[in-house]
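K.L.:
model the structure of this input:
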Amino acid sequence: MFEDCHVINDQENDGDSFQVKMLDGKVRNLRLYFVDAPEIGVTRYRDGNTNVKRLHHQADYCAGFVQWEIVEVGQEGKGWGKDLLSEVKSFTVLYAGGGDLRSWADLCPH
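P.N.:
Down below sits the predicted model:
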């Protein structure tokens, strides 16, 4: 358990993952349990691959949306997450596992 955590404003934050500053000063990327927000846009990775196939998969899964619609939903999810977390002054990260923090986390607002 990590108490008194704060969300860091970061362009990589989206509807299901975000940067968090821990009490010890370390910044970590955390993902919410049981949340899979759609992608927020097309991304080209360092190796040249993109997330276009994932966008198509997400669009098909969501009742046949097209790519631009799923990106719009992803952007709405990012806004929802940002709004929700901006209302919380600090929170506790609960995680499954041993002593090392994993990237998957639940949030318990204070």
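K.L.:
for the residue nearest the centre of the chain, which residues are in contact?
P.N.:
Among the residues of the chain, the one closest to the centroid is Ser17, at 1.5 Å (CA atoms, centre = their mean). Neighbouring residues of Ser17 by CB atoms under 8 Å, 6 or more residues apart in numbering: Asn29, Leu30, Arg31, Leu32, Ser103. Backbone N, C-alpha and C define where each C-beta goes, glycine included.
K.L.:
pLDDT score for it?
P.N.:
Looking at Ser17, its pLDDT reads 84.
K.L.:
and the contacts of the lengthiest helix in the chain?
P.N.:
Counting residues, the longest helix in the chain under DSSP state H turns out to be helix 67-86. Here helix 67-86 makes contact (CB under 8 Å, 6+ apart) with 7, 13-16, 18, 37-42, 52, 55-56, 58-59, 62, 65.
K.L.:
ok, now with 6 Å
P.N.:
By CB atoms under 6 Å, 6 or more residues apart in numbering, the residues outside helix 67-86 that reach it are Val7, Asp14, Gly15, Ala37, Pro38, Glu39, Ile40, Gly41, Leu55, Gln58, Ala59.
K.L.:
pull out the buried positions in that helix.
P.N.:
The neighbour-count check on helix 67-86 (16 or more other CB atoms under 10 Å) flags Ile70, Val71, Val73, Gly74, Gln75, Gly77, Lys78, Gly81, Leu85 as buried.
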